Structure formats: structure tokens, C-alpha cells
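Engineer: Predicted model, plus sequence, below.
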Amino acid sequence: MSIQNAPSETSVFVAEGMTKTFPGVTALEDVRLSLSKGSIHALLGENGAGKSTLIKAITGVHRLDSGRMMLNGQLFEPTDTRDAISRGIGVVHQERNLIPRFSIGENIFLESLNAHPLRRIDYNKLFRDARVWLEMLGVDADPAMPVHRLSVAKTQLVEIAKALSLNSRILLLDEPTAALTPHETDTLFKILRQLRDDGVSLMFVSHKLEEVQEICDRVTVLRDGKNACESQPLEGLDRQAIVRLMIGRNEQIPDWSARDRSTGKALLQLKNVSTSLGHKEIDLSVHKGEIVGLYGLVGAGRSELAKSILGKFQVTGGEVLVNGSRAEIHSVADAVRRYRIGYVSEDRKSEGLVLMHSVLENVGMPIWRRLAGLAHFLTNGKIRKHTEPYIRKLEVRTPSLEQHVGNLSGGNQQKVSVAKWLAAEVQILIIDEPSVGIDIKTKAYLHELIRELSDNGTALLLITSDMPEMITLADHIVVMNDYRIMGEIDNTRDYDTMSERIMTLIQGEELVAAE
Amino acid sequence: MSGTGKEQSVGIPPAEQASGARLTTLRILLSNEFGLLVLIVLFAIIFSTISPAFLSKFSLYALGRTSAVNIMIGFSMMVVIITGGLNLSVGSIGVCAAMFGGLLMQAFAMPWPLAVCGGLAMGAALGALNGFIIVRSGLHSFIITLATMSIFFGVMIFLTRAESYRDISPAFTSFGRMKLAGIISPLLLVSVVAGILLSVLFRYTALGREMLATGANERAAELSGIRVHRIITYCHLLSGVLAGVAGLMLVSRTGAAIPSMAGQLGQDWLLPAFLGPVLGGTLLTGGRVSVLGTFLGSFLVTMLTTGLLLMQVGAFWMQTYLGLLLLAAVLIDMVRRSYLTRRKLI
């Protein structure tokens, strides 16, 4: 730890001058990296900084244009993923890569199943072997159980078991904790430390800087496809310094003071609501001009709650009140047209936008009916008149309003999906993960916009897994876990105490459940 | 928010407009519709050189009359294709509507306008039934309309005992046999009017836009407040009406409502139903439509059939040629689309 920048003889993996270009983009440019034996190496960078490309180059998905990789002192040029695996490189991908209907055991040993394609599979042995890995990771589950019946967190652990079972000497973990509770994260970290002590080299990709600081010993930061730092010891780097490396300047946290907006009229209230998806005893209220944050881990049921409010899924008990009176929402159309509730989806490509249609069509969608009126007649000019001010206000960068949304950048697509609801003049707006896949500048812009919307009286329900974002924006934070509300707190905007209290709330349930 | 609401829309600066105009020209030249027009002219020249009879008054009249029906069949499929689905029962519905219209005229001695309305109502009902089952079951329209194709046709044969209605009102049949200016069939005008109405629907009404949005991305459309299930049902209903129009056009032309007028189970209509929209550039996955394209595509197909018949190509070869045409059209379209995408023109 005390040796500075020395890829010494303990380096098992060294890469130099890694360059990879795709049509129109240079994803990696002259990137260097070295992983030492028995260490946990953090790979950081913003979305689009080149992390995924780097991982794909190491795991044999992409071939480098130039540069070389050395594995244990030998030249390493993986021809495909299988080749990389056989050389001892394991990876836990961000996206789920398990086959849902296959059993846990089959999934763990998927790679070795086809060694003898026609031989009968010895399931007893397979499940026995699988159990060893599951026990090691503290997963209490039958190896014969199909993966789709597991919780998100357990699925993640099975994925890790799969990577470990390949006897990987180098293990790449791409956001392994995104779906884990703090307790599960602790278990995972214990195992990672143990692997490190056994001499495995781990590379850890995460957006949670607190975790990086907790478990990693070295860090490589990528910015715009280049090294912002290379295999630097983490000791002595504070959060600010890491962020500075990631974005090239200091993190600008807007200095917004805490506000109390709960005195305004309650525009949206849920009273003891349960849904067909399994939500129970949900109480929640969002007042005029208030930003209520809904915090929770992936799979906590937040987006599902949002869609139930919208009428996409059924509310089976309790009542939903809009503007103080009971709302009869039987379809999303009711929510949008009668109650003026809007929803910015976390998955803008498949449910937020119609990518093959123009900017104008997309922004106009919720108000077509209203504009057409009884005559049912609608012209582009009319839609333009009602949407263009908002498209301009959000500074959507597009050659024309006829441009297909699919051709725009992620940040501009997100602006289009917000502009749509501004044009619809909603009184309640639910925003789900507003800054997924957009750059820091657009993110800051969106934050200001959300704040401004609340100042103008819109009631906002903000769903985000990004703790800093939550603490920057929300006036009041509701914590959710496993389709229930765990508790709620007013936001003091003091990051350390707030994040601690939120985490305690999530964990609280776990302790109770464990007893 | 309130301040910007008053802001007038400014439009695009002149410089962008100029380059926009160039792009528009290029886009038109590379469009499906233009390509089809070129092909139509090209084949017209070829056929008339080989067989001068092709340009005779009667031949042109017959071409217009036949293509009118094919265009209507194409429209009928088109309005379902835009939802990303398909309607295999177009032929069945068309025949059912025609038979019902014939029944009303013959057995109930209804005046023909009423009988026509009755026939169209039958088409609408069967189409709506398709839509209802598809939306309720959540199954793909392929399987549902495959089933209803058989059901509708079977029930129709049972009820009519496979007999034709030949006692059709003379006023109605004379409409199908009329010649305007010596060569134009009024049936073609019906198709033109239907095309114009459909264009208006998709361009100038909320309903038409909602149909396209639902076809392009059903989940996004629903989350934007569009009643997607209702919209899909409407598309099938409209498809049934258009199939009914095509069926009644045939009755008016032949002077009888015949159960076998679209072949067994109405299958004879399937190839023209798909050829028109696909040649015309309506996306099979839904979300994009070209009414003019379907019109020209169906016309081209009819022209090729007529031309090949004049050249005395056998009926079996005809099917082969039409199949090849469909395949070629799809491949050419793929190349065109990837070119446009690379140049960021679409």
C-alpha cells in the first residue's frame, strides 16, 4: 500500500496503450491499467467514460485497435469470451446474465455443462457442487430452484457464485451492489476481502464512492476514454478528489437550503394503499410545490408503485386522493387526462419515448386529444404551438422538431421525455431515475429544472437510487423496501447524517425480518 | 413555466431551411412512393411496347377496376399492420360483408344504399370482434385472425349453404360497370376517396396519431395516456370496414355475391393485402404508414398481374412472380432504409 504507482512483480495483469474506436467515437485512448495480486482495484468514471469498453476488451468481447495486455507476464489477446474465461478471467456483469427458467445449479455451471454435449448431466453432483458455492456466499437456497424465483439480491449472488466457480484469478465486478441491501453488501464485501487475501485480483466498478473507499485499495479513473489517473493508491484520496478526477472539476452541489413544503395543499395522497403487485400499507403524500423523494434499492417496488398510482396496475386496497378527493383511476389515460399526473420513466427507450417518431410527436403525445377537441382535427402547427416553448425552454438540441428521437443523445432524449409532461401541464409529476445515462452537465440542468417546477407549484415524486441526487433535490424522503414504506424523514440536506439515517431505515427492516 | 407559455413559436432559421429543402428533395427521390412511381412508369412502357393491347381503352379500364379492389384490400391490411399486427381474416371478413349485403338486397329487398351500410356494419362488427379478442387475450393477432379467418368463413358457408345471391340491385351493379370518361371506373374513385380519408386520419386527427404511436411503442403510448387497447380495437374495426368495402366492390363489379369470390377461406386476398402495404413502405413492425405507398404498391401489383396475363404468362408463374416481387421489394427496402439511416435522413 505504501509503494507509489509501482506495477511491481505482483502485477498479474498489465495493460498499456489500450485504444478502441467505434464509428464516430473513440471509446478508449491510450489507457493504462495494472492489477496486482491480492488487491481490490476500483474502476471509476462517468457514464460513457469507457468503463464498459475496457471491461469488454479484457473479457474478449471487443478486440483492441492498438495497445497490449499482459496476463502473468504473457501477452494476452483473448479471441472471445470463452477464451478469456479459460485464462482465468471472470466477470459479473451489470445486466443479469442468468437464464431465468434454469435452476441455480445449472446457471452456476453453465459454462462447464457443454464439455460433453451428449453425456447425461449428473444433477446430483451438479447441485452438490453448487451448494458449496452458495454456502460460501451465504445464500440460503436450494440449487434446484429456478433462478427466476429468487430475489434480485440473491440472483446477483448466484451470478457471483458463477464467476467464482470458474476459478477466476481475476474477477471483474460491474456494479455488483446496485441491487443489494447494506447487509447483503457487507456479506459480499467480506467474501471479496477473503478472495483478495487468497490472492485473487478484483476489479470493482461502482457508482457508490462510499463503497469504493471502504473496500478498494487502488483506483483507476477514466474520463472521456482516457486515464484521469492510473492504478493510484486510494489512501489519501478523499471523495472530492475522486469526483474531481471523474468529472475534471469540483462537484457542484447546489447550495439549496432545506425547505418545508408540507404546508401546501396535498395534491397526491395514498392512504393505506395496497396493490396487485404486492405493495402493502403504503401511506404517502405529496404537497403542492413539494419534492418527495422515494428512496430504495433496485427491486424495492418504487417504479411499480408509481405505475400503480398511474393506473397501469391495480390498486386493491386503501385509497388514492388527488387534490383532496378520491380519485378513480382505472387506466393511465384516466391519470393523465383527468388527474393530470405525468410519469417520466426510468426506461426511456422502451417505455418513455417512441424512438422512431419525431420530437414533435413525442412531446405532443399526451395532449393530442386535448388539442384536437371535439372536432378531432389536429395539425402539426397546432401541436408545435403548444409544445415548442417547452422544447426550447429545455434546450433540447435537435436539428429540427421532425428529427427522430432515436437519433438524439441520451441527455436530449431525457429532456424530451420531461418536456412532454411540461407541455401537458401536469399538476403531479413522478420522475423515475432522472439521471440514468446522462452526463453531469445535463444532470445539473435537470436538477435545476425539477427544483423550478416545484417552485411553480407542481407536486413531484422523485424516485432515485442515487443518494446524492436524492439529498440534493428532495424536501422529504420516504424510504421503501420490499414493497413497503420503511419510514420517512425531512431532508436536512446534510449528506452524511441523511445517508446514514436512510440506510438505517432500510436496514431496520432487515434486522426485524431476521429475528 | 408560466412565462414561457406566452412565447410564440419561432420556427427554424432560414439557413437551416435551405439545407432542409435540399434534404427534403433527396428524401423524396429516395422515398418508396417515388420508387414505385418510377417502376409503374417503367413497366407501363415495357408492357405497352411488348403488347400494344395494354394501352387499349378496355385494358386500362379493367386495370383501374381491378386495382381499385386490390388497393382497398391493401388498405384493409395496412391499418392493422401499423399496430404491429396483421389481419389474416381480411378475405373472410370481405366475403362475409359482401354476402350479408347480398342477403339484404335479395332476401329482404332492401334498397342498395341500406344494404351496403348493412354489409359494412357486418365488416365492422367482425373486425371489432377480432380486435376485442386480441386485446382481451393478449395474444398475437396472427393466431387470433388465423382462427377467426376459419370461423367467419365456416359460419358464413353454413348460413348461406354456400349459395350465391344473384338478385343484386341493378343500380348497384351498374355502378361497378360504369365508365367515366371512357376509361375510369367509379370503383377507382372510391379507393381514391378512401385513400384521402385515411391520409387525413393519420395526418390530421388525434386518433390516427394515437394508432401510429401505439404501433411504434405500445408501452410508451400507454404511459403517455393513450388508451392503447381501445386504439388497437379501432384499427381492427377499421380493417373490417375496409375489407367490407372491397367485398362490396366485387359484388358491384360481378353482379353477384359469391361465397368463393375470394377463394377458400378468403385466402386469395392475402397476397395483394400484404404486397400493397409492404411495397408501399408501411413498416411491418408498426408505427409508420404510407397511404400513398399502399395505393401505388397495390396498383403496381395489379398492373404487373394484368401485364403478365396479357403476355400470356401462365397462372402458376404469376404466383411465382408476385412472390419474387414481394421478396425483392423487402430487400430493396432494407438497403434503402440502411442508406437513409447512415445519412441520418430518417
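Structural biologist: Everything's here; your move.
Engineer: In chain A, which residue sits furthest out from the middle?
Structural biologist: No residue in chain A sits farther from the centre than A:Ala375, which is 44.2 Å out by C-alpha atoms, centre = their mean.
Engineer: Next one: the residue nearest to B:Ser59 when sequence neighbours are not counted from B:Phe47, what distance?
Structural biologist: Among residues not flanking B:Ser59 along the chain, B:Ala53 sits closest, at 5.8 Å (C-beta to C-beta, 6 or more residues apart in numbering or on different chains). From N, CA and C alone the C-beta is placed, and that goes for glycine too. Counting by C-beta to C-beta, to the nearest Å, the gap from B:Ala53 to B:Phe47 is 9 Å.
Engineer: secondary structure element for the residue nearest to the spatial centre of chain B?
Structural biologist: Among the residues of chain B, B:Phe75 comes closest to the average C-alpha position under C-alpha atoms, centre = their mean, at 1.6 Å. Here B:Phe75, judged by DSSP states H and E, is contained in helix B:57-81.
Engineer: which element follows that helix toward the C-terminus?
Structural biologist: helix B:90-106.
Engineer: what's downstream of that following helix, the next helix or strand?
Structural biologist: Under the assignment DSSP H and E, the closest C-terminal helix or strand after helix B:90-106 is helix B:112-137.
Engineer: So which elements touch that following helix?
Structural biologist: Helices and strands touching helix B:112-137, by 3 or more C-beta pairs under 8 Å, 6 or more residues apart in numbering or on different chains; DSSP states H and E, are helix B:90-106, helix B:141-160, helix B:170-177, helix B:228-254.
Engineer: want to throw these into CSV with mean neighbour count, mean pLDDT and distance to A:Thr181?
Structural biologist: Compiled in CSV, these are given as follows (neighbours: other C-beta atoms under 10 Å in any protein chain shown; pLDDT from 0 to 100; distance: least, C-beta to C-beta, whole Å):
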stretch, mean neighbour count, mean pLDDT, distance to A:Thr181
helix B:90-106, 28, 96, 55
helix B:141-160, 18, 96, 43
helix B:170-177, 15, 90, 73
helix B:228-254, 26, 97, 36
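Engineer: So for A:Ile309, which of those helices sits nearest?
Structural biologist: Set against A:Ile309 and scored by C-beta to C-beta, those come closest in helix B:228-254, at 18.6 Å.
Engineer: okay, the angle between the closest one and helix B:112-137?
Structural biologist: Helix B:228-254 and helix B:112-137 meet at an angle of 150 degrees, taking axes from the mean of the first three to the mean of the last three C-alpha atoms, to 10 degrees as the criterion.
Engineer: For chain B, what's its nearest residue on chain A.
Structural biologist: For chain A, the residue closest to chain B is A:Val336, as judged by C-beta to the nearest C-beta, at 2.9 Å.
Engineer: I'd say that residue and A:Gly342 touch.
Structural biologist: Yes. Counting by C-beta atoms under 8 Å, A:Gly342 is a contact partner of A:Val336 at 6.8 Å.
Engineer: so what's in contact with the two at the same time?
Structural biologist: A:366, A:424, A:426 (C-beta atoms under 8 Å, 6 or more residues apart in numbering or on different chains).
Engineer: Kindly state the pLDDT recorded for the second one?
Structural biologist: Note on A:Ala424: pLDDT of 93.
Engineer: if I pick the residue of chain B found nearest chain A, what's in contact with it?
Structural biologist: Per C-beta to the nearest C-beta, B:Gly225 is where chain B lies closest to chain A, at 2.9 Å. Contacts for B:Gly225 were tallied using C-beta under 8 Å, 6+ apart; they are A:332-333, A:335-337, A:365-366, A:369.
Engineer: again, but for A:Asp65
Structural biologist: A:Asp65 sits next to A:19-21 when contact means C-beta under 8 Å, 6+ apart.
Engineer: Low-confidence regions, the stretch 101-250 of chain A specifically.
Structural biologist: Applying pLDDT under 70 to the stretch 101-250 of chain A flags the ranges A:114-115, A:179, A:249-250.
Engineer: er, the stretch 201-346 of chain B actually
Structural biologist: Checking the stretch 201-346 of chain B against pLDDT under 70 turns up B:340-346.
Engineer: which residues in it form strands?
Structural biologist: Assigned by DSSP state E, counting those that start in this stretch, the strands in the stretch 201-346 of chain B number zero.
Engineer: all helices in it, in order from the N-terminus.
Structural biologist: Taking DSSP state H, counting those that start in this stretch as the criterion, the stretch 201-346 of chain B contains helices spanning B:206-216, B:218-223, B:228-254, B:270-280, B:291-310, B:315-342.
Engineer: I'd like the ones you listed as CSV, with distance to chain A appended.
Structural biologist: Formatted as CSV, the helices of the stretch 201-346 of chain B follow (distance: least, C-beta to the nearest C-beta, whole Å):
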stretch, distance to chain A
helix B:206-216, 4
helix B:218-223, 4
helix B:228-254, 9
helix B:270-280, 17
helix B:291-310, 16
helix B:315-342, 9
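Engineer: Could you save those helices as a markdown table and add columns showing distance to A:Leu192?
Structural biologist: Formatted as a markdown table, these follow (distance: least, C-beta to C-beta, whole Å):
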| stretch | distance to A:Leu192 |
| --- | --- |
| helix B:206-216 | 44 |
| helix B:218-223 | 37 |
| helix B:228-254 | 46 |
| helix B:270-280 | 55 |
| helix B:291-310 | 58 |
| helix B:315-342 | 44 |
